[in-house]
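Chemist: coords please:
(chains A and B)
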Amino acid sequence: MADALLRTPEDEAALAEEVDLDEEMRVSVLTLTRKLDVLDHYALLGVDHGVDRKAVKRAYFDLAARYHPDKYFRKKLGSYKPRMEAIFGRITLAHDTLTSPEKREEYDVYLDEQRRSRSIEDLMADALSEVERARETVEREASRGTAPAGSPGVAPTGTSSPAPAMSGAPAASVASVAPATSVAPGAISSAPPDGPAVSGSGSVSGSRPIDPAIRREALARKLLGGRSPSSGTTPAARPITPAPPAPPTTADAMEALRRRYEERKSQAQAAQAKKYVALADTASAAGDVVTAANNFRVALTLTPDDTDLSRRAAEVQTRADGILAETYERQGTYEERNGQWPEAARSWSRVTKVRPADASAHVRAAEAIVKAGGDLREASRLAQRACALEAESAPFRVTLANVYLAAGMALNARRELETAAQLAPHDDTIRSMLKRVAK
Amino acid sequence: MEKVIGIDLGTTNSCVAIVENGVPTVIPNRGGYKTTPSMVAVTEAGKRLVGHIAKRQAITNAENTVYAAKRLIGRKWNSPQVKNAVATSSYRIVQGPHTDVRIVLREKEYSVSEISAMVLQEMKVIAEDYLGEPASKAVITVPAYFNDNQRQATKDAGEIAGLDVIRIINEPTAAALSYGFGKNVEKTIAVYDFGGGTFDISILEIGSSGVFKVIATAGDTFLGGEDVDARIIDWLVHGFKEEHGIDLRQDRMALQRLKDAAEKAKCELSSVRETEVNLPFIISSGRNEALHLQRTIDRKTLEELSADLIERTVDICKQTLVDAHLEKEDIEEVILVGGMTRMPRIQQAVADFFEREPCKGVHPDESVALGAGIQGSALIDDKQEMVLLDVTPHALGIMTQGGYFEELIPQNTTVPTHRTKIFTTSRENQTAVKIVVMQGESERAEENELLGEFILTGLRRAPKGTVEIEVTFEINADGIVSVHAKDLETGKEQSIEVTASSGLTRDEIKDMMEGAKDYMVERRSTEEFEAAKQEAERIVGEIERLFPQVEQIVAASDFGRDAIEKARAIVTKARSAIGKRDVAAVKAEIEGLSRTHRMFKGVVAKTH
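Modeler: Down below sits the predicted model:
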């Protein structure tokens, strides 16, 4: 563990503290403290996902025996005491969750959901870079025939279409997210963003957003009139030089060249769009709605006037959003149950974004915000929306009243409670709340 | 390294233990008994009696003898338990200055912590006599279901007794420690602790690496052997009334005798099928004739009288298993602790419920003190490989608008732990918030125990609901609750340690400590005087025995006439020093007496 310690100033200060802990213990406390937010319950206890209850307990007891503050009773622990207590709290939570069959099952589902929604979001973010990639390809195709003779062809890219990257994305993405949350040290640190491996758009693998270097290169290419910059130098470091003057031609020749370019471009766009639609169809047939939606989105940016495509794209996008909303719904439900209110507020808010007509999601988002002590204005907006959607619901009014109460707006709360009491005249809770507010 | 003593401060009996060379040992008192009655009395002469001697004189001095003070410790005057005790106790219970409880002995008011401190002081002395050195650090046990105020009051009692209470631990947990100590087992166990005043059930896991983890704990702090005794008393009183038309309860002395007899009968019925309660001259009738109480009680009657109490304990066991998310089959061992578990019916009820014969290897009276000693040694001694992971027996939270209780840390949460919640202001330009810290399981704040309250000040003036305060509740390994509050806007922080209240102020505790110290000095000097007096009187006796012989010898000789005079003078002086109870003077005379004695012996020996 020692090697994993990042020597931040805070760590250095802690290491220099005068405490009754040996160097090894100090380093392991600091290292583990740093990782608490990143590790999931399994990784924290250092056990595999499949292990039985006994193995979880053993792992927990070993860690507890090591980090329980009583091990250093009345010893000088300085800033290590709260750290050790935090570690102890986290390992206890991990133990309590993984040793209860129900809690563990829920947690596993939650981890899966989290992984899923992350990969969906990654995938959706990826669509944006895919659009960029598609444009580049179109640009390349279009300029292939228009570039002046003797110029060194198009960028150092293979002939591969962007398709493989896109269609492979969902699987790759799920696989690539998993280690970051579940596997111990090493896996967490991601590769540096400007890796030297990337040389052209076609060779990008995995689902990570497109390398900035490629984007810059594409920009430079545009500025240079379709010519590729000399490869080998770092794009960022190179000053952008004005494009070299075009070879002397007559205006007519120029115009012809331009027309030829436009024509080719539109052909290339149509060809690319077709390719993406095909990918979308394949994905859709395979039940991979998110990939389908992404491919439709890319196709649509290439041929924005295609109404049929735009209808289909919208339809699939709705389904993809629905899936994302469902994963957030399940996460939100889990978070609610475990009292993770800020997380629940976020999850439910996301659900409401996709399902503007889901009154219950709005109410739950509002409740979670109140419990988390979040933005009460946002909570009241959500609860009001829920009440507007289902004007006859007494419980929704109560939630709105609770939001008002939390905000100290007793009069508003009272008004909502009165409405609620009318809607549900026999509800004792509402009546007693009303009595309280009346005071 | 200084030793830590473990004290089981029981409702009826107390016990002290220590770990010596890795072996947990119970320390017997001067009478050779391993447990000491938790009774305190003040005699007519103002002398304080603790333990067996207090118990022995209880009948003749019922009004000034305190028993079962533990049932009152840390409780408020207006609690139903105190009201019940006021009605049934033979000693006087009055309201203290902080709605706390005081006990009157010979016109002097004592706090309950002070009374408990007297018992603790006695246990401390027992340990010190055994160790031959001062014992100042202690681990004291309390019923698992005690709330923080009761724990604090017990801690205060320790402090008054001159003890540094390094930890308060739960009785069933302590019993589990003594069961699992030194055994390399991985087991889930249940500890059924039915003592004199309280009932507790705890479920623990003994794991590898010397870890003891409490999973769930529950109980009833007003359900114990005393209640069974009360049932027997009721039965006897009722029968007597039917026969003679006289209510024995009006007479404190009769009540005390009944109490003793009931307890004795209960204990006997654990080993015999029937026993006789025989109390001659229990009361006199209106016509001035003496009445006697004589009745036979059998085991079946006792079982009927206590059936619902036993049922209550089983119900609590049931609930605790649910709380622990365990099934009966998951329990691999059942341990019985507390004197009541000697009752065959109770052993049967436990065996029936858990479908398993309880473990026989744990001493019902001693294991709690042993466990306290083990925990003390584990905390102080680095070489001890044992860690106790305990839980909060009650939920902890705050009072919210309208008198509701909002839970922050749930029941059975492993400590140390912390929980955070964000609150906002509820009034315009509010610059302070009052946070009322409570403990309990009821939704209604008023039904829970108030632990303390504090006010956070210095908030920014702003419209209501706009100032966000992040409040963190924290319980550390010592069980101390602290609350940190942070103004999220400015980052300004405030921390408050919530000290539960025993009903005593710091000044009062200090005064009581001084009082206890004075008592100890006086007691130790009395002991010193008694020792010196005995020694001096022994030598005087020897000298006086030799006087006739020496006088004869001296009379036959010319020498030593003044030696006789001198010897007489020394004896007179010693007697007067003893009469004045002057320790220093008596000690000073002992040397002269010894010299005279040696001289006398020499003279006699030479002549023969």
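Chemist: determine the three-state secondary structure at B:Ser202.
Modeler: With DSSP: H, G, I helix; E, B strand; the rest coil as the basis, B:Ser202 sits in strand.
Chemist: for it, what are its contacts?
Modeler: By C-beta atoms under 8 Å, 6 or more residues apart in numbering or on different chains, the contact list for B:Ser202 reads B:Ala144, B:Asn170, B:Pro172, B:Thr173, B:Ala176, B:Ala190, B:Val191, B:Asp193, B:Val214, B:Ala216, B:Thr217, B:Thr320. Any C-beta I mention is one placed from the backbone N, CA and C, and that applies to glycine too.
Chemist: before we move on, what about B:Asp251?
Modeler: B:Ile283.
Chemist: same for the helix or strand hosting A:Phe396, what does it pack against?
Modeler: Element membership of A:Phe396, judged by DSSP states H and E, is helix A:394-406. Counting contacts by 3 or more C-beta pairs under 8 Å, 6 or more residues apart in numbering or on different chains; DSSP states H and E, helix A:394-406 is packed against helix A:359-372, helix A:376-389, helix A:410-423, helix A:428-438.
Chemist: which among these is found nearest to chain B?
Modeler: Each of the helices and strands packed on helix A:394-406 has some distance to chain B by C-beta to the nearest C-beta; the shortest is helix A:428-438, at 3.9 Å.
Chemist: show me what the closest one is packed up against.
Modeler: Checking 3+ C-beta pairs under 8 Å, 6+ apart, helix A:428-438 ends up next to helix A:394-406, helix A:410-423.
Chemist: these: which one's closest to B:Trp77?
Modeler: B:Trp77 sits nearest to helix A:394-406 of all the helices and strands packed on helix A:428-438, at 35.1 Å, using C-beta to C-beta.
Chemist: and the next helix or strand past the helix or strand hosting A:Ala283?
Modeler: Using DSSP H and E, A:Ala283 sits within helix A:251-285. Note on helix A:251-285: by DSSP H and E, the next helix or strand toward the C-terminus is helix A:289-302.
Chemist: what inclination does that following helix have with respect to helix A:251-285?
Modeler: Put simply, helix A:289-302 runs at 160 degrees to helix A:251-285, going by axes from the mean of the first three to the mean of the last three C-alpha atoms, to 10 degrees.
Chemist: point out the most buried one among the helices and strands packed on helix A:428-438.
Modeler: Ranked by mean neighbour count, these are led by helix A:394-406 with a mean of 24 (mean count of other C-beta atoms under 10 Å in any protein chain shown).
Chemist: for A:Val290, which of the helices and strands packed on helix A:394-406 is the nearest?
Modeler: Nearest to A:Val290, of those and by C-beta to C-beta, is helix A:359-372 at 20.2 Å.
Chemist: now do the buried residues in that closest one.
Modeler: A:359-372 (16 or more other C-beta atoms under 10 Å in any protein chain shown).
Chemist: tell me how many other residues crowd residue 261.
Modeler: Chain wasn't specified; assuming chain A. By other C-beta atoms under 10 Å in any protein chain shown, the residues close to A:Tyr261 number 18.
Chemist: chain B, not that one
Modeler: By other C-beta under 10 Å, neighbour count at B:Ala261 equals 23.
Chemist: and for the one 3 residues further on?
Modeler: Per other C-beta under 10 Å, the neighbour tally for B:Lys264 reads 14.
Chemist: is stretch B:203-218 anywhere near chain A?
Modeler: Yes: Stretch B:203-218 is in contact with chain A by C-beta under 8 Å from any C-beta of the partner chain, via B:Glu205, B:Gly207, B:Ser208, B:Ser209, B:Gly210, B:Val211, B:Lys213.
Chemist: so how far is A:Val109 from the residue in the stretch 101-250 of chain A that chain B sits nearest to?
Modeler: Of all residues in the stretch 101-250 of chain A, A:Glu102 sits closest to chain B, at 8.3 Å by C-beta to the nearest C-beta. Counting by C-beta to C-beta, to the nearest Å, the separation of A:Glu102 from A:Val109 is 11 Å.
Chemist: compare these two (neighbour count), which wins?
Modeler: A:Val109 (14 against 9).
Chemist: can the contacts of B:Ser202 go into TSV with extra columns for pLDDT and secondary structure?
Modeler: Below are the contacts of B:Ser202 laid out as TSV (pLDDT from 0 to 100; DSSP: H, G, I helix; E, B strand; the rest coil):
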residue	pLDDT	secondary structure
B:Ala144	89	coil
B:Asn170	93	strand
B:Pro172	95	helix
B:Thr173	95	helix
B:Ala176	95	helix
B:Ala190	97	strand
B:Val191	96	strand
B:Asp193	95	strand
B:Val214	94	strand
B:Ala216	93	strand
B:Thr217	91	strand
B:Thr320	94	helix
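Chemist: closest to A:Asp306 among those?
Modeler: A:Asp306 lies nearest to B:Ala216 out of the contacts of B:Ser202, by C-beta to C-beta, at 64.4 Å.
Chemist: for the closest one, what are its contacts?
Modeler: By C-beta under 8 Å, 6+ apart, the contact list for B:Ala216 reads B:Ser202, B:Ile203, B:Thr320, B:Leu321, B:Asp323, B:Ala324, B:Val391, B:Asn412.
Chemist: of those residues, buried ones?
Modeler: B:Ser202, B:Ile203, B:Thr320, B:Leu321, B:Ala324, B:Val391, B:Asn412.
Chemist: just those residues now: which is nearest A:Arg53?
Modeler: When the buried ones among the contacts of B:Ala216 are compared against A:Arg53 (criterion: C-beta to C-beta), the nearest one is B:Ala324, at 13.8 Å.
Chemist: who touches the closest one in this structure?
Modeler: B:Ile203, B:Ile215, B:Ala216, B:Asn412.
Chemist: which stretches in the stretch 401-550 of chain B count as strands?
Modeler: Residue ranges of the strands in the stretch 401-550 of chain B, as given by DSSP state E, counting those that start in this stretch, are B:404-409, B:417-424, B:433-439, B:449-456, B:468-475, B:481-487, B:493-498.
Chemist: which one's the longest helix in the chain?
Modeler: I went with chain A, as the question did not name one. helix A:101-144 (DSSP state H).
Chemist: that answer is for a different chain, and I need it for chain B
Modeler: The longest helix of chain B (DSSP H) is helix B:506-555.
Chemist: which SSE is immediately downstream of it?
Modeler: helix B:561-579.
Chemist: check which residues of stretch A:263-272 are buried.
Modeler: Quick answer for stretch A:263-272 (16+ other C-beta under 10 Å): A:Arg264, A:Lys265, A:Ala268, A:Gln269, A:Gln272.
Chemist: for B:Gln256, grab the count of nearby residues.
Modeler: 20.
Chemist: so where is the chain shaky, pLDDT-wise?
Modeler: Reading this off chain A. A:1-6, A:144-249, A:439 (pLDDT under 70).
Chemist: sorry, I should have been clearer: chain B.
Modeler: B:401, B:465-466, B:488-492, B:500-502.
Chemist: show me the contacts for the residue of it found nearest chain A.
Modeler: With C-beta to the nearest C-beta, the shortest gap between chain B and chain A falls at B:Ile422, namely 2.3 Å. With contacts defined as C-beta under 8 Å, 6+ apart, B:Ile422 is in contact with A:Ala372, A:Gly373, A:Gly374, B:Glu468, B:Ile469, B:Glu470, B:Val471, B:Leu488.
Chemist: looking at those, which one is closest to B:Arg545?
Modeler: Ranked by distance to B:Arg545 (C-beta to C-beta), the contacts of B:Ile422 are led by B:Val471 at 80.3 Å.
Chemist: measure the nearest residue to that closest one once chain neighbours are set aside to B:Pro172 for me?
Modeler: Closest residue to B:Val471 apart from its sequence neighbours, by C-beta to C-beta, 6 or more residues apart in numbering or on different chains: B:Ala485 at 5.2 Å. To B:Pro172, B:Ala485 is 35 Å away according to C-beta to C-beta.
Chemist: higher neighbour count, those two?
Modeler: B:Pro172 (33 against 19).
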